[in-house]
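no sequence for this one, just the structure:
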């Protein structure tokens, strides 16, 4: 197979295992491209892409923009703050206005789960979901699983623990779908208040002891505590959270095993991860960032070829 | 479908040998010259030429593989996207003489894309092109090969099929296929 099964990337749930493998194989080639002296190819020379971000973002937006530019696409950026959205313009009106400027693809981040799905029913352009509320963040899951595969090989039968603030995370859900499609076993670990009750219905193990999770897993994907999404107190203090759910060097050393540590960033240093873990040989956090550009190039390239 | 054999095992070997002697005439000891095969089948051919050249001049010759998928000008105009192959150029091509090698020269568009792709690795001193089969009178752009294995006059409905042992075939055979006749 050399074509994606969908013209949009709305979530990992909609992708097949073959789609994910195709994205990985294409990303391998783009990783080679971005490590050359001239890091650019002309593949998307005639394509215009709009990055429509209704929510703040640093690395995802930069990563998409770089991926688009490395593929020679024309890029326009839109941020909700300082735009007509503040004057009450609807999502559909905003996007239709952007499309009237002859845009071929839309990369969208929105605080409402399902916003890109809604859009895909109304417009013709290819849509890439760059995060919709607490629902999915498919390109993050792709770059995460790509980075895991790069470090430990085939993910079939591997144990992956997702640790931290699951309830507010869009990364967790997309990661669960991607890992299961690739044959990995998934464990969720976090305080009961930050783990949704329905999560075990996805066929994942759920524990609340971080040591137990680390002893079980080959890879620990540690998630950020999303304080900005928390309207109420989910745990007494950051200090207590770091004491019970933080990953530190002492804990890792006591396990006496090789373990891969990941984090989608930005890290609350000293809370989810201590600096000596985040910057250690266990960590592949910066590989995740590098692979983000290559996997996003692969997604954009493959979607552009699906009419 | 009608098939006509253009080159068999023996003829291909003679042709490669002749091409190698032509290359040596122009590049002597290959001190500043490298070979780059175009993925996928140009690579097999380039490897054979490298072996033959090394056998004759008794010196190692540098070789690279170049994939042109991301540089093609027919992206989004095909039914399906092309699956890329590996690019592996483990040397600097800046100021080198580069010999691009491919199996078939048809419209010339692949060669143009290859030159675009190659520019990501530096500015060569000189670029030459070697094609095993040259389909004459079929060019879309003004590209010609410096070294040619065999010239054939073809029409649009015909295709050159290259079968090599490296692909798992029993023996090397280069065919001219007429797609319009069943």
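Good, I have the coordinates. Being a predicted model, the structure only gives us computed values, none of them experimental.

okay, now whatever residue of the stretch 51-200 of chain A ends up closest to chain B: neighbour count?
Residue of the stretch 51-200 of chain A nearest chain B, by C-beta to the nearest C-beta: residue A:71 (7.9 Å). In this view, the C-beta of every residue, glycine as well, is placed from N, C-alpha and C. The number of residues packed near residue A:71 is 25, by other C-beta atoms under 10 Å in any protein chain shown.

can you check the one 10 residues further on too?
Neighbours of residue A:81 under the rule other C-beta under 10 Å: 10.

for it, helix, strand, or coil?
Put simply, residue A:81 is coil when judged by DSSP: H, G, I helix; E, B strand; the rest coil.

repeat for residue A:107
strand.

beta partners of it?
On the basis of DSSP bridges, residue A:107 is bridged to residue A:51, residue A:128.

same question for residue B:163.
Residues in beta-bridge contact with residue B:163 (DSSP bridges): residue B:173.

surely it touches residue B:175?
Yes: Residue B:163 is within contact range of residue B:175, at 7.2 Å (criterion: C-beta atoms under 8 Å).

quick one: the strands in the stretch 51-200 of chain A?
A:74-79, A:105-110, A:126-132, A:159-163, A:185-189 (DSSP state E, counting those that start in this stretch).

just so I know, which of those lies nearest residue B:22?
Smallest distance to residue B:22 across the strands of the stretch 51-200 of chain A (C-beta to C-beta): 44.9 Å, for strand A:74-79.

name every strand pairing with the closest one and say which way it goes.
strand A:48-53 (parallel).

any regions of the stretch 51-200 of chain A where pLDDT drops low?
The stretch 51-200 of chain A contains residues with pLDDT under 70 at A:82-86.

go again with 90.
Flagging of the stretch 51-200 of chain A using pLDDT under 90 yields the residue ranges A:55-59, A:78-95, A:98, A:124, A:134, A:168-169.

and for chain B?
For chain B, applying pLDDT under 90 flags the ranges B:1-3, B:72-84, B:119-120, B:122, B:137, B:155-157, B:179-182.

need the residues of it near chain A, please.
Taking C-beta under 8 Å from any C-beta of the partner chain as the contact definition, chain B meets chain A at B:67, B:69-71, B:75-76, B:78, B:80-87, B:116-117, B:119-122.

list buried residues within those.
Neighbour-count burial (16 or more other C-beta atoms under 10 Å in any protein chain shown) applied to the residues of chain B next to chain A gives B:67, B:69-71, B:75, B:81, B:84-85, B:87, B:116-117, B:120-122.

how about the residues of the stretch 51-200 of chain A by chain B?
So far as C-beta under 8 Å from any C-beta goes, the stretch 51-200 of chain A lies against chain B at residue A:71.

so what's residue A:199 closest to, chain neighbours aside?
residue A:188 (5.6 Å; C-beta to C-beta, 6 or more residues apart in numbering or on different chains).

which residues does the one you found contact?
Neighbouring residues of residue A:188 by C-beta atoms under 8 Å, 6 or more residues apart in numbering or on different chains: A:161-162, A:166, A:172, A:176, A:195, A:199, A:204-207.

try 10 Å this time
Counting by C-beta atoms under 10 Å, 6 or more residues apart in numbering or on different chains, residue A:188 makes contact with A:161-164, A:166, A:172, A:176, A:194-196, A:199-200, A:202, A:204-208, A:213.

show the buried residues in these.
Neighbour-count burial (16+ other C-beta under 10 Å) applied to the contacts of residue A:188 gives A:161-164, A:166, A:172, A:176, A:194-196, A:199, A:204-207, A:213.

so residue A:158 sits against residue A:219, correct?
Yes: with contact defined as C-beta atoms under 10 Å, residue A:158 counts as touching residue A:219 (6.7 Å).

these two: which has the busier surroundings?
Each of residue A:158 and residue A:219 has its neighbours counted (other C-beta under 10 Å); residue A:219 has more, 24 against 20.

can you pull out the helices in chain B?
In chain B, the segments counted as helices under DSSP state H are B:9-27, B:41-57, B:109-118.

packing partners of the last one?
To tie it back to what came earlier, the one meant is helix B:109-118. Here helix B:109-118 touches strand B:33-38, strand B:63-66, strand B:97-105, strand B:126-136, going by 3 or more C-beta pairs under 10 Å, 6 or more residues apart in numbering or on different chains; DSSP states H and E.

what about that helix, distance to the chain center?
Relative to its chain's centre, helix B:109-118 lies at 12 Å (C-alpha atoms, centre = their mean, to the nearest Å).

near chain B, which residues of the stretch 201-307 of chain A?
Proximity of the stretch 201-307 of chain A to chain B (C-beta under 10 Å from any C-beta of the partner chain) is limited to residues A:297-298, A:301-307.

hmm, 8 Å instead?
Within the stretch 201-307 of chain A, the residues that sit near chain B (C-beta under 8 Å from any C-beta) are A:301-302, A:304-305, A:307.

in chain A, which spans are helices?
Using DSSP H, the helices of chain A run over A:17-34, A:59-70, A:91-99, A:115-120, A:138-152, A:170-181, A:210-216, A:238-245, A:249-255, A:275-278, A:285-304.

okay if I get the ones you listed as CSV plus distance to residue B:96?
Shown next, in CSV, are the helices of chain A (distance: least, C-beta to C-beta, whole Å):
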stretch, distance to residue B:96
helix A:17-34, 20
helix A:59-70, 26
helix A:91-99, 46
helix A:115-120, 48
helix A:138-152, 32
helix A:170-181, 43
helix A:210-216, 51
helix A:238-245, 56
helix A:249-255, 48
helix A:275-278, 43
helix A:285-304, 28
